[in-house]
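Novice: Here is my input, please return the structure:
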Amino acid sequence: MSSIIGQTLKISIFGQSHAAGIGVVIDGFPAGITVDMEKLGQFLARRAPGGDRFSTPRTEEDRPEFLSGIVDGVTCGAPICAVIRNEDTRSVDYRELKDIPRPAHADFTAQMRYGGYQDVRGGGHFSGRLTAPLCIAGGLCMQLLEQKGIAVGAHIYSIGSLQDTPFDPVTVSEKDFPRTRFAVIDPVISEKMQELISDVRTQGDSIGGIVECAVVGMPGGIGDPMFDGIENRLAAILFGIPAVKGLEFGSGFAAARMRGSENNDPFCIQDGAICTQTNHHGGILGGISSGMPILFRVAFKPTPTIALPQQSVSLSKMEEVELKARGRHDPCVVPRATVCVEAAAAIAVCDMIL
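Specialist: The predicted structure follows:
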């Protein structure tokens with residue numbers, strides 16, 4: 001399994017959902033950085049399971065144990081290794097999935113790839129639980145970026161057909177980031193989204209949505225075309241988050257319906273600096289940062305494991321069967337995914353800055 005990413009800053013994710021633990025090794029993180037453990041804990045708490053009625057009832061503290069790389073609260077240059085112990089597992093719920101794969105889940109493809117030796121408990125290494133160590137690395141990277149005047153923030157852009165107020169692509173700043181567990185800008189839409197998720201859960205179903213993320217304070221001139229541009233590097237790590245199925249930068253797919261005169265961002269000078277009047281390009285031109293806010297949206301599919309009966313197949317009997325999946329799962333991954341998107345973006349940006 002290819003669970004390592006990065007060039008100057010290398011991130012390696014290990015563990016499975018129901019293994020003894022999960023964790024991360026971070027190689028290349030600079031020495032001399034003071035780590036605010038309280039702030040990191042608050043960041044991880046936004047992703048942790050069992051915190052509200054919109055997430056899985058599985059209860060895990062997700063408190064990392066740092067084995068190396070940090071001495072007296074300061075990074076020492078050695079690889080940082082952090083482990084989270086799995087406590088609230090219920091593996092019996094997943095016993096039949098080795099023979100009957102869940103529709104839209106990696107059960108079937110993992111069976112073909114690993115010949116039946118993969119860990120199906122809680123989704124194994126394919127589980128969204130593996131975003132916890134991703135967020136450890138991302139939380140540390142966000143603290144490093146803060147010292148460089150760069151901030152990363154995301155919000156729930158949409159759940160189903162309900163849409164939040166978008167970030168302003170030109171003026172978005174750190175004060176616009178809703179650093180909350182259910183990160184929505186418009187309180188009225190937030191209530192409607194929460195009602196929708198509750199209704200979907202009651203029906204035994206799930207629903208998808210979109211996360212919008214911005215990187216502000218990014219200097220211009222970062223990025224390497226053709227294959228190491230900012231979009232390339234962000235896409236590589238963002239698609240490592242389970243359930244991600246789409247990604248667009250700036251105006252994204254809407255640009256395909258525009259004319260050049262609409263999509264082009266006129267250059268201007270403000271306070272002695274060159275910038276653009278609009279930001280359809282999402283802060284990236286030719287794979288290189290322009291100095292404008294970097295803006296992108298990430299689409300998440302509905303959670304595959306639902307309470308409703310679904311048609312599947314028995315791999316051992318080679319016949320069609322009905323699957324009633326058990327286990328504890330989010331009716332919508334998007335609320336907890338906002339912090340995962342922030343973490344992934346922070347890692348990619350930190351790697352490029354270093």
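Novice: Please compute how far stretch 274-281 lies from its chain's middle.
Specialist: Mean C-alpha position of stretch 274-281 versus that of the full chain (C-alpha atoms, centre = their mean, to the nearest Å) differs by 26 Å.
Novice: Could you list the low-confidence segments of the stretch 51-200 of the chain?
Specialist: The model of the stretch 51-200 of the chain has pLDDT under 70 over residues 51-60, 88-94.
Novice: Do a quick rundown of the strands in it.
Specialist: Applying DSSP state E, counting those that start in this stretch to the stretch 51-200 of the chain gives strands spanning 65-68, 70-71, 74-75, 80-85, 151-159, 162-163.
Novice: which one of those lies closest to residue 39?
Specialist: strand 151-159 (13.1 Å; C-beta to C-beta). Backbone N, C-alpha and C define where each C-beta goes, glycine included.
Novice: what helices or strands is that closest one leaning on?
Specialist: Using 3 or more C-beta pairs under 8 Å, 6 or more residues apart in numbering; DSSP states H and E, the elements in contact with strand 151-159 are helix 131-147, helix 187-202, strand 209-216, helix 334-353.
Novice: Looking at the strands of the stretch 51-200 of the chain, which one is packed in the most?
Specialist: strand 151-159 (a mean of 25; mean count of other C-beta atoms under 10 Å).
Novice: Pairing partners for that strand, with directions?
Specialist: According to DSSP bridges, strand 151-159 has the following sheet partners: strand 162-163 (antiparallel), strand 209-216 (antiparallel).
Novice: okay, the angle between it and helix 131-147?
Specialist: Interaxial angle of strand 151-159 relative to helix 131-147 (axes from the mean of the first three to the mean of the last three C-alpha atoms, to 10 degrees): 130 degrees.
Novice: how about residue 340, what does it touch?
Specialist: Contact analysis of residue 340 by C-beta atoms under 8 Å, 6 or more residues apart in numbering lists 47, 131, 134, 135, 138, 241.
Novice: 10 Å - rerun?
Specialist: For residue 340, the contact set (C-beta atoms under 10 Å, 6 or more residues apart in numbering) comprises 46-47, 128, 131-132, 134-135, 138, 154, 211, 238, 240-244, 298, 300, 333.
Novice: do the same with residue 96
Specialist: Residue 96 makes contact with 120, 312, 314, 321, 323, 324, 325, 326 under the criterion C-beta under 10 Å, 6+ apart.
Novice: What is the nearest of those to residue 191?
Specialist: Taking C-beta to C-beta as the measure, residue 325 is the one of those closest to residue 191, at 29.5 Å.
Novice: mind checking the backbone torsions on the closest one?
Specialist: Per-residue torsions, residue 325: phi -70, psi 140 (degrees, to the nearest 10).
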